[in-house]
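Novice: A structural model of the following input is requested.
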Amino acid sequence: MIVRTLGRWISKTIPIGICAIWMTAFLFPRIAIAGETELAQGLERLTSSSLADVGQAIETLVAEGSPEALEILNALNESHLVVDGEKQVFIAVDGEMKPARPGSTAAPSGRTQPIKMNNVLRRSLDSSLSRLRLSTDDIAIRLTAAEQLTMRPSPEVAELLRARMEQETDPRVLAFLRLGVARADIEGADVDRQRAAADYLGTVSDVSMKDPLARLASEGDPEVRDMAAWALARVERRVFRVNLLANTLYGLSLASVLLLAALGLAITFGLMGVINMAHGEMLMIGAYSTYVVQGLFLRHAPGWLGAYLIVSIPVAFIVSGAVGVALERTVIRRLYGRPLETLLATWGLSLILIQTVRSIFGAQNVSVAVPDWLSGGWTLMPTLVVPYTRIAVLVFTAIVVTFVWLVLARTSLGLRVRAVTQNREMAAAMGIATHRVDMWTFGLGSGVAGLGGVALSQLGNVGPELGQQHIIDSFMVVVLGGVGSLFGTVVGAVSLGVANKFLEPSAGAVLGKILILGLLILFIQWKPSGLFALKGRSVEN
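Specialist: Residues are numbered from 1 along each chain as shown. Got it, this is the predicted structure:
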């Protein structure tokens with residue numbers, strides 16, 4: 001009995017073992033070799049001078065679909081795939097050559113050159129890469145691929161996304177897949193799919209689909225019109241909210257620039273009654289100080305280049321303040337009480353400063369690079385991205401305004417400035433050296449303008465005419481807010497900045513400024529002292 005049972009067990013086990021040994025020793029290696037052969041064939045065809053062979057190589061690598069194939073295709077798409085003199089393929093990574101074939105340790109032989117491609121192959125490669133990326137295990141890669149495919153809807157892309165939707169588990173990727181399908185279906189001829197697409201687009205309120213929905217709402221199939229009209233109404237409401245938020249944010253950004261330009265002018269104009277037409281050039285000096293500091297970092301400390309902007313802040317303040325003190329000591333102090341002569345003299349000083357900068361740095365604009373930590377933007381909505389530089393300027397402006405308020409309200413210099421502003425003769429009778437207060441206040445106002453130049457250098461190019469672009473707007477802010485009033489300057493800058501951004505889309509940039517100027521003239525006729533007039537014994541209330 002035992003012998004019989006043992007015989008049966010052996011008769012069943014041995015064939016299974018033989019089968020397992022055969023699969024391990026014969027079948028699995030063949031499968032691995034087949035995959036490796038497809039990868040090798042694809043790499044070999046990539047080195048061909050025929051574009052048709054390169055196209056077949058791309059198809060072979062896409063069909064192979066391994067992580068190694070995806071890495072090769074990514075390198076090809078980014079022009080990092082090269083071939084050497086012996087037809088060996090390498091991936092150029094950070095100046096080094098990595099063999100494209102897994103397991104290879106070969107080094108490039110002879111001169112390397114990039115794989116030949118044309119526009120047709122690039123489009124095919126881009127589409128193939130998107131399909132491959134949609135099937136990877138990395139959620140971030142799938143999310144990027146889905147977002148890219150959603151931006152270029154077509155019937156073929158829609159079918160690809162529809163097939164992937166059945167397998168996708170991540171809700172963020174799934175949302176992009178559905179949006180891409182809806183974008184493609186809304187342009188198609190299938191009525192049922194158009195209706196479903198309009199229904200979905202109404203729930204997500206995709207702003208970019210406003211025109212197709214409007215066309216369907218007026219010319220589409222009767223069964224689709226009502227759904228398209230409903231979706232269009234929701235999209236238009238979203239467009240209104242987006243425009244409102246965008247205009248407000250960019251209005252505040254413009255207001256911050258105006259405030260930095262006008263803050264120092266409000267201090268000197270309110271204290272000394274000097275119409276300083278050279279104040280804009282203090283902005284220019286601050287911006288060029290930033291440019292010089294950047295150059296010093298590039299030359300002597302390239303590893304610390306990201307910190308140049310922080311160092312530029314005190315440098316610009318000191319340089320601009322020193323220039324302001326020099327101008328006040330040499331020219332402006334001799335013209336107090338003569339506003340017309342002061343205006344002409346400071347206008348001449350502005351021309352001298354502009355020409356000096358042209359002689360040193362040239363007449364062409366110079367570029368100040370944005371540090372890496374300020375690159376990019378904050379995505380509030382799919383159609384609204386606020387650059388980090390704009391956000392940084394807003395924060396920087398708030399810090400500068402706080403700094404000026406602390407100086408004027410919490411220091412002995414600020415006490416003397418307020419005393420001289422309210423009644424110069426009485427302050428002099430109390431023993432305050434009014435001329436010294438004038439000097440330091442003019443230096444403070446010029447230094448603050450230099451800080452404005454640091455901010456402006458991050459929003460555009462720096463040139464000799466930088467100050468001339470902001471001087472008129474600065475005077476408008478000071479006059480609107482009230483001469484000598486710090487709070488009035490803030491309110492005036494915000495009012496003009498936001499109003500300008502709301503008028504520009506409908507009236508245009510030039511007509512918008514004309515309208516604002518006209519409204520400001522009417523306002524001054526009604527309230528000549530501005531919104532918040534500085535009160536004192538020497539000021540008519």
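
Novice: mean confidence for whichever strand or helix holds Gly202?
Specialist: Assigned by DSSP states H and E, Gly202 falls within helix 191-204. Mean per-residue pLDDT for helix 191-204: 78.

Novice: chain center to that helix: distance?
Specialist: Average the C-alpha atoms of helix 191-204, do the same for its chain, and the two points are 33 Å apart (C-alpha atoms, centre = their mean, to the nearest Å).

Novice: what helices and strands are in contact with it?
Specialist: Contact partners of helix 191-204 among helices and strands, from 3 or more C-beta pairs under 8 Å, 6 or more residues apart in numbering; DSSP states H and E: helix 171-186, helix 210-219, helix 222-272. Backbone N, C-alpha and C define where each C-beta goes, glycine included.

Novice: dump those helices into JSON lines; add distance to Leu305 as well.
Specialist: Converted to JSON lines, the helices and strands packed on helix 191-204 look like this (distance: least, C-beta to C-beta, whole Å):
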{"stretch": "helix 171-186", "distance to Leu305": "35"}
{"stretch": "helix 210-219", "distance to Leu305": "43"}
{"stretch": "helix 222-272", "distance to Leu305": "24"}
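
Novice: which of these has the lowest mean pLDDT?
Specialist: When the helices and strands packed on helix 191-204 are ranked by mean pLDDT, helix 210-219 comes last with a mean of 75.

Novice: domain-wise, how is the protein divided?
Specialist: Following the assignment in automatic domain parsing, the chain carries domains at 34-134, 135-220, 257-468.

Novice: by mean pLDDT, point me to the weakest helix or strand of the chain.
Specialist: Across the helices and strands of the chain, mean confidence by mean pLDDT, DSSP states H and E is lowest for helix 2-22: a mean of 47.

Novice: what are the buried residues along the helix holding Gly202?
Specialist: Neighbour-count burial for helix 191-204 flags Arg193, Gln194, Arg195, Ala196, Ala197, Ala198, Tyr200, Leu201, Gly202, Val204 (criterion: 16 or more other C-beta atoms under 10 Å).

Novice: which stretches of the stretch 351-500 of the chain have low pLDDT?
Specialist: Counting by pLDDT under 70, the stretch 351-500 of the chain contains low-confidence residues at 380-384, 483-484.

Novice: apply 80 and report the result again.
Specialist: Judged against pLDDT under 80, the low-scoring parts of the stretch 351-500 of the chain cover residues 377-386, 418, 421-424, 460, 469, 472, 479, 481-486, 488, 499-500.

Novice: residue boundaries of the strands in it?
Specialist: 377-381, 384-387 (DSSP state E, counting those that start in this stretch).

Novice: let me see the mean pLDDT of the helix or strand harbouring Phe297.
Specialist: Using DSSP H and E, the element containing Phe297 is helix 279-300. When pLDDT is averaged along helix 279-300, the result is 90.

Novice: list the helices and strands that helix packs on?
Specialist: Contact here means 3+ C-beta pairs under 8 Å, 6+ apart; on that basis helix 279-300 packs against helix 222-272, helix 308-330, helix 339-361, helix 434-457, helix 471-481.

Novice: burial count for Leu406?
Specialist: 11 (other C-beta atoms under 10 Å).

Novice: now the helix holding Phe297: buried residues?
Specialist: 279-294, 297.

Novice: got the buried residues for stretch 410-417?
Specialist: For stretch 410-417, a neighbour-count test (16+ other C-beta under 10 Å) marks Gly414, Arg416, Val417 as buried.

Novice: can you check what angle separates the helix holding Phe297 from helix 308-330?
Specialist: With axes from the mean of the first three to the mean of the last three C-alpha atoms, to 10 degrees applied, the angle from helix 279-300 to helix 308-330 works out at 140 degrees.

Novice: how about the CA coordinates for helix 279-300, as CSV?
Specialist: Listed next in CSV are the C-alpha coordinates belonging to helix 279-300 (Å, rounded to 0.1, in the frame of the first residue of the first chain):
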residue,chain,number,x,y,z
HIS,A,279,13.2,111.5,-7.3
GLY,A,280,12.6,109.0,-10.1
GLU,A,281,16.4,108.7,-10.6
MET,A,282,16.7,107.4,-7.0
LEU,A,283,14.6,104.4,-8.2
MET,A,284,17.1,104.0,-11.1
ILE,A,285,20.1,104.2,-8.8
GLY,A,286,18.6,101.5,-6.5
ALA,A,287,17.9,99.3,-9.5
TYR,A,288,21.5,99.7,-10.9
SER,A,289,22.8,99.0,-7.4
THR,A,290,21.0,95.7,-7.5
TYR,A,291,22.6,95.0,-11.0
VAL,A,292,26.1,95.8,-9.7
VAL,A,293,25.7,93.5,-6.6
GLN,A,294,24.5,90.8,-8.9
GLY,A,295,27.6,91.2,-11.1
LEU,A,296,29.8,91.0,-8.0
PHE,A,297,28.2,87.8,-6.9
LEU,A,298,28.6,86.3,-10.3
ARG,A,299,32.2,87.1,-10.4
HIS,A,300,33.3,86.4,-6.8
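
Novice: tell me the contacts of the nearest residue to Ala198 once chain neighbours are set aside?
Specialist: Counting by C-beta to C-beta, 6 or more residues apart in numbering, Ala198 lies nearest to Met227, which is 4.2 Å off, once chain neighbours are set aside. Going by C-beta atoms under 8 Å, 6 or more residues apart in numbering, Met227 touches Arg195, Ala198, Asp199, Gly202.

Novice: any chance of the residues you listed in a markdown table with distance to Ile472 as columns?
Specialist: Shown next, in a markdown table, are those (distance: C-beta to C-beta, whole Å):
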| residue | distance to Ile472 |
| --- | --- |
| Arg195 | 55 |
| Ala198 | 50 |
| Asp199 | 52 |
| Gly202 | 47 |
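
Novice: out of the residues you listed, which is nearest to Glu425?
Specialist: Minimum distance to Glu425 across those is 70.8 Å, recorded for Gly202 (C-beta to C-beta).

Novice: tell me how far that closest one lies from Leu174.
Specialist: Separation of Gly202 from Leu174 (C-beta to C-beta, to the nearest Å) stands at 18 Å.
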